[in-house]
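Q: using only what follows, build the 3D model:
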Amino acid sequence: MTKTQETQAETAEPTAAPAPRPGRIALWVLGACAALSLGGVVYSLHRLTGMADGLDDTGVMLLANSLFSPIITAAFAGAVAGVAAPRLIRHWPRAATATLGFTVVALAAAVVAYLSFGVDPSIALVLAAVLFGSAIVGGLFSLPRHAVPVVAGLSATLLLLLLMFARGLFEAASSVSLFSDPLDEYGALGRTIPFVAGLACGLCAFVYLRRKRSGTKLLGHLLAGAMPGGIWLVATIVAQIGVEVLLAVGLDQVSPLDEAFLGVSFQWQYNGSMTAMFAGAFCAVLAYGLLIPKAPKQTAVAAQRAAAKAAEHG
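A: This next block holds a predicted model:
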């Protein structure tokens, strides 16, 4: 081997593969589910509390107790819009395109909410502001540079929303509350079910990353597994702020019983979200450590260099 060839062999580096991108099918499924879920919960909320001449005290209280569902779906829709927009507009910087995407969805959600409750302008304005803020906060989850772990986390979040919807159907047909029951004396169901849901979400995120073969490292799995619980947590924070503003605008006075019920309900939401976030991150990281084959310590390029030096000295 000549000196020039040896220099080229030592300085040659493997060609960097392009960053993997989420598949179109996954983005279409997430986008359709986000649009349908957000539209569905706003419509259901209007059917539940909407009145021809505005909301009375009972309607305002029903709206406050039901505000979490549109908030978490708005946050989910904002995150989906943020990760899908760069696939539609490829000539702009990714962060700018993602911000544009979730801002558009936030404005759309606010307009729909305001029009749905326009008969009561003050309530409509509060609801529109809450959904706008929810979509913006949710959209921040789409800003990490690598999109594949974000889509894995959103797929797991979709599973969490489906579990919450199934929970609602189950609770409507029975007297057992699974996620946040203030009357559960020992809190067994309130702790166990979110933990199991978090494990399922973490496994879902890992399976997506595994099938995608994106080369995502430990931190990517941690982000994807924790994202469902993280979205649940920020949705709870936004919901608590929104409920306080809504009650201040819509009611002259809140009864101590209603205040106590809301306080305990939010406490269970916080506990459930943090439990799901921990369980999802734990499951995804554990699966990564146990099921992902370890990379060889010596790459092909390093082996080639070592062989060249051995031949030179031999």
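Q: what stretches of the stretch 151-300 of the chain score poorly on pLDDT?
A: Applying pLDDT under 70 to the stretch 151-300 of the chain flags the ranges 171-190, 291-300.
Q: likewise the stretch 1-150 of the chain?
A: If you take pLDDT under 70 as the line, the stretch 1-150 of the chain has these spans: 1-20, 50-54.
Q: so where do the helices sit in it?
A: Under the criterion DSSP state H, counting those that start in this stretch, the stretch 1-150 of the chain contains helices at 3-11, 24-49, 57-65, 68-88, 94-116, 121-139, 147-173.
Q: helix or strand: which one has the nearest residue to Pro149 once chain neighbours are set aside?
A: The shortest distance from Pro149 to any non-neighbouring residue, by Cβ to Cβ, 6 or more residues apart in numbering, is to Gly220 (3.9 Å). For glycine as for every other residue, the C-beta is placed from the backbone atoms N, C-alpha and C. Taking DSSP states H and E as the criterion, Gly220 maps to helix 218-250.
Q: so that helix versus helix 121-139, what angle?
A: 170 degrees (axes from the mean of the first three to the mean of the last three Cα atoms, to 10 degrees).
Q: tell me which residues in the next helix or strand after helix 218-250 are buried?
A: Reading on from helix 218-250 to the C-terminus, the next helix or strand found by DSSP H and E is helix 256-291. For helix 256-291, the neighbour count (16 or more other Cβ atoms under 10 Å) marks 258, 262, 265-266, 268-288 as buried.
Q: and helix 256-291, what does it pack onto?
A: helix 57-65, helix 188-212, helix 218-250 (3 or more Cβ pairs under 8 Å, 6 or more residues apart in numbering; DSSP states H and E).
Q: recalculate using a threshold of 6 Å.
A: Helix 256-291 sits against helix 188-212, helix 218-250, with contacts defined as 3 or more Cβ pairs under 6 Å, 6 or more residues apart in numbering; DSSP states H and E.
Q: could you export those as a markdown table, including distance to Ile72 and mean neighbour count?
A: Shown next, in a markdown table, are the helices and strands packed on helix 256-291 (distance: least, Cβ to Cβ, whole Å; neighbours: other Cβ atoms under 10 Å):
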| stretch | distance to Ile72 | mean neighbour count |
| --- | --- | --- |
| helix 188-212 | 13 | 21 |
| helix 218-250 | 4 | 22 |
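Q: and of those helices, who's closest to Ile71?
A: Nearest to Ile71, of all these, is helix 218-250, at 4.9 Å by Cβ to Cβ.
Q: helix 57-65 and that closest one, what's the angle between them?
A: Using the same axes, to 10 degrees: helix 218-250 against helix 57-65 is 170 degrees.
Q: report the angle between helix 218-250 and helix 68-88.
A: Using the same axes, to 10 degrees: helix 218-250 against helix 68-88 is 130 degrees.
Q: check which helices and strands helix 218-250 sits against.
A: In terms of contacts (3+ Cβ pairs under 6 Å, 6+ apart), helix 218-250 is packed against helix 57-65, helix 68-88, helix 121-139, helix 147-173, helix 188-212, helix 256-291.
Q: what about the last one, distance to the chain center?
A: What it means is helix 256-291. 13 Å (Cα atoms, centre = their mean, to the nearest Å).
Q: one more: the fourth one?
A: Between the mean C-alpha point of helix 147-173 and the mean C-alpha point of its chain there is a distance of 9 Å (Cα atoms, centre = their mean).
Q: residues of that helix that come out buried?
A: 147-161, 163-164, 167.
Q: kindly report the same for the third one.
A: Within helix 121-139, the residues that qualify as buried by neighbour count (16+ other Cβ under 10 Å) are 123-128, 130-139.
Q: what's the closest of the residues you listed to Leu100?
A: The closest of the buried residues of helix 121-139, once distances to Leu100 are taken by Cβ to Cβ, is Gly139, at 9.8 Å.
Q: mind listing what the closest one touches?
A: Residues near Gly139 by Cβ atoms under 6 Å, 6 or more residues apart in numbering: 78-79, 82, 102.
Q: check His221 too.
A: Residues near His221 by Cβ under 6 Å, 6+ apart: 284-285, 288.
Q: just put the residues you listed in JSON lines and tack on distance to Val234.
A: What follows is those, written out as JSON lines (distance: Cβ to Cβ, whole Å):
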{"residue": "Ala284", "distance to Val234": "19"}
{"residue": "Val285", "distance to Val234": "21"}
{"residue": "Tyr288", "distance to Val234": "24"}
